[in-house]
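1. Here is my input, please return the structure:
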Amino acid sequence: MKLSEYIINDIKPLSTTNKISDLQLLFKQLSLSHVPILDENNTYLGSFSETDAYCFDSQKPISEFVYTFEDFFVRNNTLWLDVLETFAKNTTNMMPVLNEENQYLGYFEINDVIGLFSESPFFSEAGGVLVVEKSIADYSFSEISQIVESNNGKLLGAFVSKMNNDLIQVTLKIGNTGLNDIIQTFRRYSYNIVSGHEEDSYIESLKERSDYLNKYLDI
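-> Below you'll find the predicted structure:
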């Protein structure tokens, strides 16, 4: 399913002509951390936080507080992992979605994006987890894939999990085989083996962390 299918349009964004009291009413009705603000042409101006909404005179117009707007958003074609990163960086549970002309299309909820993350093959498929390390100048994903596949392994997912000075760590999810032969091959290619798990205990740890992120952002 495309991420664009998760765009929600159950609230009408406010404009700068609305009063702060309109914002406060929305926040009382919804469990959102922010509300998008648009101009008269449906162009996104920014988002007003729930915290700020209760700091100002309820009878004043939103236009007097444009300086408080937070300008985070994603495009309708942004990759889901980048959407998740934008959620985390801005400590919000809703993410405005815009087209290339900055027209507001709706918003994503953090729970939906976390759900996609948890349902990806990296989490759902059985297999071992391997964390390898090498200098940034010497590693390549093509080499990593070749090492796994030359040992009859199936690479189910890979991501850069840490960068420190000139070293990089890559976390791999590998199916179809045990890790021993793959680990030995990585060592022959001068990779340091940071961690190797035949079972899915590491995956469970990552799931717990994603659940924690969900709770942290579920404002």
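2. which residues in the protein form helices?
-> Secondary structure of the chain by DSSP state H: the helices cover 20-29, 50-53, 80-90, 110-119, 121-124, 141-150, 180-188, 201-217.
3. so which of these gets nearest Glu64?
-> Closest to Glu64 of these is helix 20-29 (CB to CB; 8.6 Å). C-betas here are computed from N, CA, C, even on glycine.
4. Can you pull out the residues in contact with the closest one?
-> With CB atoms under 8 Å, 6 or more residues apart in numbering as the test, helix 20-29 has contacts from 11, 14, 32, 35, 48, 50, 53-54, 56-62, 65.
5. Filter those residues down to the buried ones and express that as a ChimeraX selection.
-> Buried residues among these (16 or more other CB atoms under 10 Å), as a ChimeraX selection:
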select :14,32,35,48,50,53,56,62,65
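6. From the chain's centroid, how far away is stretch 54-69?
-> Counting by CA atoms, centre = their mean, to the nearest Å, stretch 54-69 is centred 30 Å from the centre of its parent chain.
7. check contacts around Ser150.
-> Contacts of Ser150 (CB under 8 Å, 6+ apart): Thr185.
8. Give me the local confidence score for it.
-> Ser150 is assigned a pLDDT of 93 by the prediction.
9. go on, Thr171?
-> Predicted confidence (pLDDT) for Thr171: 88.
10. re earlier: ranking the helices of the chain by mean pLDDT, which is last?
-> helix 201-217 (a mean of 56).
11. one step back: tell me which of the helices of the chain sits nearest to Asn42.
-> helix 20-29 (17.5 Å).
12. I'd guessed Gln59 sits against Lys19; true?
-> Yes. Here Gln59 lies in contact with Lys19, judged by CB atoms under 8 Å, at a distance of 6.1 Å.
13. any idea which residue sits dead centre in the protein?
-> Leu84 (1.1 Å; CA atoms, centre = their mean).
14. didn't that residue look like it was pressed against Asp112?
-> No. Contact criterion CB under 8 Å: Leu84 and Asp112 do not qualify, at 10.6 Å.
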